[in-house]
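Trainee: structural data only, the sequence is not supplied:
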């Protein structure tokens, strides 16, 4: 036996994990998260799809009815049409939180006296519960002692029962929702502004860029990740709006403030009856709408990144 053979025999034999440690270790960290995601996200979604093909009250035996729940929703359910239309309003107006959050973040990203106090005031809506927000704005809109009617009374207008008017109630709730959502977008953009490359800004200044040109061509491209997160969270927040509606109007007046998530609750779990299959069909449609918006935005971001490279 040669000296080389003696050396090889003396070296300890490496096990399978030791030989594949670099490639296996990341999966050991990912697998628990993937299992949790499958259990708490994928499984409920698949269950909703499955349940939507049945007529089921949650207790008795489920009866397979095919696409009957979807046929009724899309052709014969006026409350569903109102809910879809209200969700469209939420989507359009709730997205105003993104530019509002951006401009507040640009204002707060300054070194001026008292800026910490201003930041604290703008952070405040983000840390309070949506239930508290709903109660605050319910009192704010109250036609007898609310601050809103006090303000418009000073301006010479008659009192308005915002939450009691079917034409105004949805917009009143959306404004209440914009308060904390704008604060959330502001925090995202403040974080993004801290990561903006100062050398690019200085180079742009030397080239004569300032004001809106600086914002559009230099700062906003670097805030694209923050904008993506703000868009996704805002769209999800608009489509799953439930708590403010429940607190402020309970779906009224006359069902005029219903959205898909609240209508799903009414059909599945409220005093109107336990129609689990019908509620699951509403949940599926809500999920597909959400997937469509977020998928489109992801595709646009991918196209922009591809064009940039």
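Mentor: Now that the structure is in, tell me what you want to look at. Small disclaimer: the values here were computed from a predicted structure and weren't measured.

Trainee: residue 188 versus residue 49, what's the distance?
Mentor: 32 Å (CB to CB, to the nearest Å). Yep, even glycine has a C-beta here, placed from its N, CA and C like the rest.

Trainee: now do residue 254
Mentor: Relative to residue 188, residue 254 is positioned 37 Å away (criterion: CB to CB).

Trainee: likewise for residue 163?
Mentor: Distance of residue 163 to residue 188, computed by CB to CB: 30 Å.

Trainee: tell me which of residue 49 and residue 188 has more neighbours.
Mentor: Taking neighbours as other CB atoms under 10 Å, residue 49 and residue 188 compare with residue 188 leading, 21 against 14.

Trainee: next secondary structure after the helix or strand harbouring that one?
Mentor: Element membership for residue 188, per DSSP states H and E: helix 169-194. From helix 169-194 onward toward the C-terminus, using DSSP H and E, the following helix or strand is helix 198-206.

Trainee: okay, buried residues for that next one please.
Mentor: residue 204 (16 or more other CB atoms under 10 Å).

Trainee: who does that helix touch, helix- and strand-wise?
Mentor: helix 212-214 (3 or more CB pairs under 8 Å, 6 or more residues apart in numbering; DSSP states H and E).

Trainee: what's the helix it packs on in contact with?
Mentor: Defining contact as CB atoms under 8 Å, 6 or more residues apart in numbering, one finds that helix 212-214 is touched by 201, 204, 205.

Trainee: as a markdown table, these with pLDDT would be great.
Mentor: Formatted as a markdown table, the contacts of helix 212-214 follow (pLDDT from 0 to 100):
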| residue | pLDDT |
| --- | --- |
| 201 | 81 |
| 204 | 82 |
| 205 | 83 |
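
Trainee: pick the one among those residues closest to residue 143.
Mentor: Closest to residue 143 out of these is residue 201 (49.6 Å), distances taken as CB to CB.

Trainee: gap between that closest one and residue 192?
Mentor: According to CB to CB, residue 201 stands 14 Å off from residue 192.

Trainee: again with residue 119
Mentor: 15 Å.

Trainee: in this protein, where is pLDDT below threshold?
Mentor: Within the chain, the stretches with pLDDT under 70 are 1-13, 271-273, 308-309.

Trainee: remind me, longest helix of it?
Mentor: Using DSSP state H, we find that the single longest helix of the chain is helix 276-308.

Trainee: right, and residue 123 touches residue 180 too?
Mentor: No. Contact criterion CB atoms under 8 Å: residue 123 and residue 180 do not qualify, at 10.4 Å.

Trainee: out of those two, which sits in the busier spot?
Mentor: Counting neighbours by other CB under 10 Å for residue 123 and for residue 180 shows that residue 180 has the greater number, 21 against 14.

Trainee: for the closest residue in space to that one that isn't next to it in sequence, pull up the helix or strand it's in.
Mentor: Once flanking residues are discounted, residue 180 sits nearest to residue 125: 4.3 Å by CB to CB, 6 or more residues apart in numbering. Following DSSP H and E, the helix or strand that holds residue 125 is helix 115-127.

Trainee: next, the buried residues of the helix or strand that that helix is followed by.
Mentor: Next along the chain after helix 115-127, taking DSSP H and E as the criterion, comes helix 130-141. Along helix 130-141, these residues count as buried under the neighbour rule (16+ other CB under 10 Å): 130, 133, 134, 137, 138, 140, 141.

Trainee: stretch 124-131 now?
Mentor: Neighbour-count burial for stretch 124-131 [16+ other CB under 10 Å]: 125, 130.

Trainee: quick one: contacts of that stretch?
Mentor: Contact partners of stretch 124-131, identified using CB under 8 Å, 6+ apart, comprise 133, 179, 180, 182, 183, 184, 187, 243, 244, 247.
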